Every structure is written in C-alpha cells, then in structure tokens.
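K.L.:
give me coordinates for this.
(chains A, B and C)
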Amino acid sequence: MSYLDELNAQQKEAVTTTEGPVLVIAGAGSGKTRVIEYRVAHLLKQGVSPRSILLLTFTRKAAGEMLRRASRHDASAEHVDGGTFHSFAFKMLRRYGERIGLSGSLSVLDEGDAEEAVHRSAASLGLYDPVNPAKAGRGTSKEGRFPKKDTLRSVISASLNKGLDISSILMKDYPHFLHLADDIARVGKRYAAYKREKGYMDYDDLLLFLRELLMDKETLAQLSEQYRYVMVDEYQDTNVLQGDIAYLLGKKNQNVMAVGDDAQSIYGFRGATHENIMNFPKRFPNTTIIKLEENYRSTQEILNVANAVLSDMDNKYAKKLHSAKKEGGGRPHFVCFEQPYREAEWIARKIKEFYDEGVSLSRQAVLFRSSHVSIPLQAELAKRIIPFQVFGGVKFYETAHAKDVMAHLKILLNPRDELAWNRVLMLIPGIGPKTGGRLIAEIIRSVSEGRSPAGVLSSYAKQSRDGREIEKLASFLEASFGKPLPPSEQFALAFSYYEPLLWERFDDWHKRLNDLQTLQQVSSRYASLQEFLGDFVIEPPSFHQAGMLSRPEERPLTLSTIHSAKGLEWDVVFFLGLSEGVLPSNFSMNREDEIEEERRLFYVGVTRAKRNLYLLANFGAGRGGEGAREPSRFVTSSRVLLELNQFGLSPSSYRDSEDEDEESVEYDDDGIGAVRKRKIKD
DNA sequence: CAGACGACATTTTTT
DNA sequence: ATGTCGTCTG
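P.N.:
Sure thing, here's the model as predicted:
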C-alpha cells in the first residue's frame, strides 16, 4: 500500500472513503488532482471495473490528464469514462436520445448558430418589424428597440440555467427591457420549438435533455447500474442543471464525490451557483466533508496574500492555506505604471530576466480579467520575438474561416441543417438571403424525398447566368455526399472546394490557411463525422489563437484569461489590470454578489503563482480617452496590502506628471521599475 | 435582389 | 476600434 503513503492524512481519507457521498473542499493548490488520480487508482486496485467509474470535469483536458496520471498506477484507468458534463450528455443522448423523442442526427449549435436561430425565431414572430408597438418612443434610443439576438440568447439561456423566469433575469441584468418580458418569453418558446423541429441542440439543451433522460426511470436504473462511482470536479462551478444531473446519477448508489472550492467559484455569469456546493450535504444526507488546506503549490509569501483575500470574502467553508514548501521567491509585488506601453516594456524585460536565470517561458504566465488588456503586451512581445500563446478571448472555433469549412461538413452529416446551408450558400457570389432561402427550402424538400442536394444546385446553376461557382459546390457534394468516407477525407474535399473562397474573402488568408491545415490534422483523429462535429462545438480543439510562434521548438509563454487559467500553475505569474474598472470589471460594479465573484477571480489569479507574483496596474488613457482609475479595491484592501511590496506611481501623483515621460527610469536591485519607490508603512 | 456604404452603438468571462 | 443594422444603387 505504499502509494497511499505519498498522501497527507486528509488526502488519504478522501482517497480511501470510496463508499457513500463525499464532499472535498480543496483549497487552491492542495493537490486535488492528485486526490482524484489516486482515488481512481485506489478504486481499480480494489477490483472496481474502470467502466463503472464516471469522472466529470470542467474540461476534457483536465479529465484526460487525471486519467493519464492514474494509469501510471493502473493501466486500466484509461477505460474510465471521463469528460465534461456537456460531452457526457452528448454521448448519452446519441446513445439513448430516442427515449426522449430525439431522433436522427444531432446537430449541436455553437453560440453563433444559436444566436442566429434565436434571431430567426424573433423575426418570425414579427418582433423586428418596424411597425411594432415597442417602437413608439423616439428613434433608436434604448427604449425603442427590441433586444438584439445576443441579448435575447443570453437572457433565455440565463433563465434556463438559473431556473428563473424571464422577468427575474431582466430585472437583474436588463431592467430597461423588463416591459418586454412577455415577448422575450414567446421568443424562448418559439426558439425551443424551432430547435426541436430542425433537430438542433444548443449547449443548454445538452444538459436539459440529459436531465430529462435521467428522469426516465428505466434509463436511470440502467445508468446507475453502470456508473457505480461518480466523481465531479470543480463542483463550485456547476449550475442548477448540473447539480440535478449529479444528484440523479448518484441517487441510487450514493457513491458521489464532489470536489471543489467555493472560494474559486467564477462562473456565476453562466448560471453556476455556489448553492450547489453548499447544499451538497443536504442532498446527500450522510456526506463526509473533507477539507484539504495544505498547499503544495505556492510559497508562504504568496499564500499570505491569498489568505488575506480569503479573509476579505464571506465564504462559508472557512479555510486557511498552509504552505508545505520551504524556500520562497520573496513577497509578491504590486507595481503601478503611468502608461500601458511602459508596463508592457517592463513585463517583457522582466520575462527575459527570468528566462536568462533559467526559468523557461512555459513556466511563466501573464493573466488578466479580459483579453483586450493584453494587447499592448502582445505587441511588445512580438517586437521582442518572445513566443507566446493566448488562451481565452477570440476562440478559434468561432473564427469565420473555421465555421465556414465546418458548415460544409455539417451539410454532409445533416442535409436538413438550414443554418449550415445558409452559411455555405451565402459564400457564393450572387446568392443572397432570398435566393439562398429558396434554394434551402428546395434542397430540404429534395432531401426528404430521398434525392441528393447536388441535383437542386446543378439545375439552379444551369438556369442562372453565372453558375460556375454553384456548379463547383454541386460537384463537391457529388463527390462527398452520402459517401462513407473517413472524416479527414471529407474535410479534404470541403477544404479544397472552400480554399478559393478563402482567398477571395480574407486578406490574411495565409494565416487562416494554416489554421485549417491544423484542423484537418485534428479531423484525422476521428472515426465519424458526427463525433468530430460534436466535439468541435463541445470540446473545441485546444489550439487556441496562437500568437508569435516564431520559435516553434520552444514551449511558449502563456497569456491567459483567469477563467482559462483555472486549475493551472506557473512559477512566475504577472497579473495584469489590477485597477478599478478592469478587476473588478465596470460591468460588475452594480451588485454586491458580482463584486464578490470578481474577488474570487482575483483569488484564483493570485493562487496560480508558485514562486513569483507580480500584481500590475496602469493608469494610462484607455479607450475613449478615459483613464482616471484607481488601484483595484482588492489590492488596496488593508489586509492584502500588508502582504505586498508596493512600487510605482500612486494614481494621484500620476495626474500632474504629464511631462515626466522622459524622466529616466531607475531600477533597483530587485529589478523593479521605480520611478518613485515607496514602501508602505505598517 | 445582392452587395456596398455609412450611421450608430457597444465594448467580459465560456461549455 | 468593431460589428451590426438600415439605406441606397446598380
């Protein structure tokens, strides 16, 4: 039993308590990945079949990593079922969907498609018509318009995910639309009907339908029989639906382990509710609660800051982190700059310094609340040819070129997918909304009579004046439609049809061409088109927008949003944008609970660092010439400030320092840029 | 009816 | 600075 000796007492308890409900409150860096890894291994050693274990995590990468590690102890760990709630739902719905009336191929809508579908639903109800009672007010002011598709989509989605009605959501987030609650609710209903009719599912439906499926007694019995042990990671970021799903899956056997940290709950905007983690012991009455407080990640100096943030929170599962590490990288620094570009220069130089001392780029990271604050730094890094990789922000799978190619594959899988057809046809010169709509109607009719869509297109090509482009599309379909080719070959056919359109459409086609080649390689890992397309939406490829990868042999520096940095760690962390309006974000200033979520974001960011942590802020002009901001309240909180070394300009002295740009900047022994160095008094 | 052009508003985090 | 919506022209 030697492998258990590598764990501390609490970890060991979490690993060996295999029967009955367990709630593990795992502080940041307390080895929760290790607990899951060892618990899987332990179950297997006890003779539990890997197929009866289900591991639900936040990303597929996380699941894969834990199972990979577990398989070092027991190779059969590879056969454990693992993934996100959404991917698990997709799998179950493919298998058992017809039990709740889902039939045919399942097309999962990404965010953009979902918005388009909402738009169509609202339009079909006449809500965007100019002669609308809602427009009575003057002109285009806020009152006068029906909400736009993205607003509609997020209201409807929030209503489902939080289990509240439309008015409650509007009251909180969009009070100026409150009077339209009934119309929006109608859009929601129409949208749901539209999806049912067309065989579409959006992200919410995956969870909604899985819960529905689990309400079916027979299915639930069957799945309870199969999955005897259920583990849910990042439980603090689950929403009501996911909480219900976990409950249903565990009801029969009661062998559910939820792992989470209420202090790291940062997905409230998506409907996640910390009530889930608070109520777990109520839903599962005999829950064993285990707290992991020993931190194996960070130095004590960093943990002092983290603990100060914790004590500013009113979290219910009180905890304090203790460091198990000895040596430190010194106290974390708080450094202020007058101008964004100065900050960027300083960071780039600092990164280089660490690099020269032997800290490779892949062990350093820059974190931020929202992507745009990293743009000056990206420019600076590019200038210095420091390779970096950006996580979060613009997602690859949402870029136009990726969606274009994928639309061509979607019509092969599901020729009645009108949203995909629309995308495909609109690329062709001479076809606009009207012609497109007519053709789509004809294609769908033709397909349901069992004929190929290519016929409709070539007969249209013959009667139109310039049908060459449409003819090409028709021959692409003839080569691929209904043919049992592997996904990578279908991708190749779509790609070669699309490539000329790519040149036409984008000036930067070269870069985009590269993306698509990578995507083609991804496609070759799949055996079926349905899985490839499903994963593309549910588990997007992990190559995000890559920045300057000019030295591909070197693992690059990471730039990431805090949300995308969850669960990760680096030796050196630069934390950008610690000023009022950025963190906490301007959009979150209204409500106390939103401020609290921002504070948890701060906590998550701080606890990513192992040795060196730099908290940074600049007070230069942002967009619109508005730059008068103060340091983040999270930093200036007295308890936190006590644990920091503080450098740079205070915002009040910045105001009248316009002419001091040329003042030479000095660096002290720490290498900290100190225009005016000021140590706080305690 | 398609597509270009201009006015206007908006600007976070993600499965 | 960007994307979305509406209008005008060919």
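K.L.:
so which residues of the stretch 251-400 of chain A form strands?
P.N.:
Secondary structure of the stretch 251-400 of chain A by DSSP state E, counting those that start in this stretch: the strands cover A:256-260, A:288-292, A:294-295, A:322-323, A:333-337, A:364-368, A:388-391.
K.L.:
residues of the stretch 101-250 of chain A that sit close to DNA strand C?
P.N.:
The stretch 101-250 of chain A has residues A:His119, A:Tyr128, A:Pro130, A:Lys148, A:Lys149 near DNA strand C, with proximity defined as Cβ under 7 Å from any atom of the strand. Bear in mind the C-beta positions are built from the backbone N, C-alpha and C, glycine included.
K.L.:
looking at those, spot the one nearest A:Glu596.
P.N.:
For those, the closest approach to A:Glu596 (Cβ to Cβ) belongs to A:Lys148, at 29.0 Å.
K.L.:
residues near the nearest residue to A:Leu127 once chain neighbours are set aside, how many?
P.N.:
Spatial nearest neighbour of A:Leu127, excluding adjacent residues (Cβ to Cβ, 6 or more residues apart in numbering): A:Phe146 at 4.9 Å. The tally of other residues near A:Phe146 (other Cβ atoms under 10 Å) stands at 22.
K.L.:
who's in contact with the residue nearest in space to the middle of chain A?
P.N.:
Nearest to the mean C-alpha position of chain A, counting by Cα atoms, centre = their mean, stands A:Ser564 at 6.3 Å. Shown in contact with A:Ser564 (Cβ atoms under 8 Å, 6 or more residues apart in numbering): A:Phe391, A:Gly392.
K.L.:
surely it is in a strand?
P.N.:
No. Counting by DSSP: H, G, I helix; E, B strand; the rest coil, A:Ser564 is located in no strand; its state is helix.
K.L.:
coming back round to it: which pLDDT value goes with the residue nearest to A:Leu127?
P.N.:
Reading off the confidence values, A:Phe146 has pLDDT 81.
K.L.:
that one contacts A:His179, correct?
P.N.:
No. Counting by Cβ atoms under 8 Å, no contact exists between A:Phe146 and A:His179, whose distance comes to 11.2 Å.
K.L.:
first to last residue in stretch A:25-34, what's the distance?
P.N.:
End-to-end span of stretch A:25-34 (Cα to Cα, to the nearest Å): 14 Å.
K.L.:
and that stretch, average pLDDT?
P.N.:
pLDDT averaged over stretch A:25-34 gives 90.
K.L.:
so what touches that stretch?
P.N.:
A:7-8, A:11, A:24, A:35, A:62, A:65-66, A:69, A:233, A:259-264, A:277, A:289-298, A:306, A:317, A:319, A:321, A:567, A:569, A:603-604, A:607.
K.L.:
tell me the contacts of the residue of the stretch 251-400 of chain A found nearest DNA strand B?
P.N.:
Going by Cβ to the nearest atom of the strand, DNA strand B is nearest to A:Gly392 of the stretch 251-400 of chain A, at 3.0 Å. Going by Cβ under 8 Å, 6+ apart, A:Gly392 touches A:Ser371, A:His544, A:Ser560, A:Thr561, A:His563, A:Ser564.
K.L.:
for those, work out which two are farthest apart.
P.N.:
A:His544 and A:His563 (12.6 Å).
K.L.:
wouldn't A:Lys320 be in contact with A:Glu294 here?
P.N.:
No. Between A:Lys320 and A:Glu294 there is no contact, the gap being 10.4 Å when judged by Cβ under 8 Å.
K.L.:
the closest residue to A:Val259 other than its chain neighbours bridge partners, please.
P.N.:
Residue nearest to A:Val259 in three dimensions, not counting chain neighbours: A:Val24, with 4.4 Å by Cβ to Cβ, 6+ apart. According to DSSP bridges, the residues that bridge with A:Val24 are A:Val259, A:Ile290.
K.L.:
isn't A:Val24 right up against A:Asp261?
P.N.:
No. Using Cβ under 8 Å, A:Val24 is not in contact with A:Asp261, being 9.2 Å away.
K.L.:
neighbour-wise, which of A:Lys320 and A:Glu294 wins?
P.N.:
A:Glu294 (17 against 13).
K.L.:
contacts only, for that one.
P.N.:
Each residue near A:Glu294 by Cβ under 8 Å, 6+ apart is listed here: A:Asn8, A:Gln10, A:Ser30, A:Gly31, A:Leu321, A:His322, A:Ala324.
K.L.:
need the buried ones from the residues you listed selected in ChimeraX.
P.N.:
Only the buried entries of the contacts of A:Glu294 go into this ChimeraX selection, using 16 or more other Cβ atoms under 10 Å:
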select /A:10,30,31,321
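K.L.:
any idea which element the nearest residue to A:Glu418 once chain neighbours are set aside lies in?
P.N.:
Spatial nearest neighbour of A:Glu418, excluding adjacent residues (Cβ to Cβ, 6+ apart): A:Ile440 at 5.2 Å. If you go by DSSP states H and E, A:Ile440 is part of helix A:433-448.
K.L.:
run the chain-centre distance for the helix or strand following that helix.
P.N.:
Next in sequence after helix A:433-448, counting helices and strands by DSSP H and E, comes helix A:453-463. Centre-to-centre, helix A:453-463 and its host chain are 41 Å apart (Cα atoms, centre = their mean, to the nearest Å).
K.L.:
that older thread, could you rank the contacts of A:Gly392 by neighbour count and give me the top one?
P.N.:
A:Ser560 (24 neighbours).
K.L.:
ok, now which ones touch the spatially closest residue to A:Ser76 that is not a sequence neighbour?
P.N.:
Distances taken as Cβ to Cβ, 6+ apart put A:Pro50 closest to A:Ser76, at 4.7 Å, once the chain neighbours are dropped. Residues in contact with A:Pro50 (Cβ under 8 Å, 6+ apart) are A:Leu44, A:Ser76, A:Ala77, A:Glu78, A:His79, A:Val80.
K.L.:
among these, which are in helices?
P.N.:
Applying DSSP state H to the contacts of A:Pro50, the entries found in helices are A:Leu44.
K.L.:
for DNA strand B, state which of the contacts of A:Pro50 is nearest.
P.N.:
Of all the contacts of A:Pro50, A:Val80 has the smallest distance to DNA strand B: 18.5 Å, by Cβ to the nearest atom of the strand.
K.L.:
what's the distance between A:Ala308 and DNA strand C?
P.N.:
Separation of A:Ala308 from DNA strand C (Cβ to the nearest atom of the strand, to the nearest Å) stands at 37 Å.
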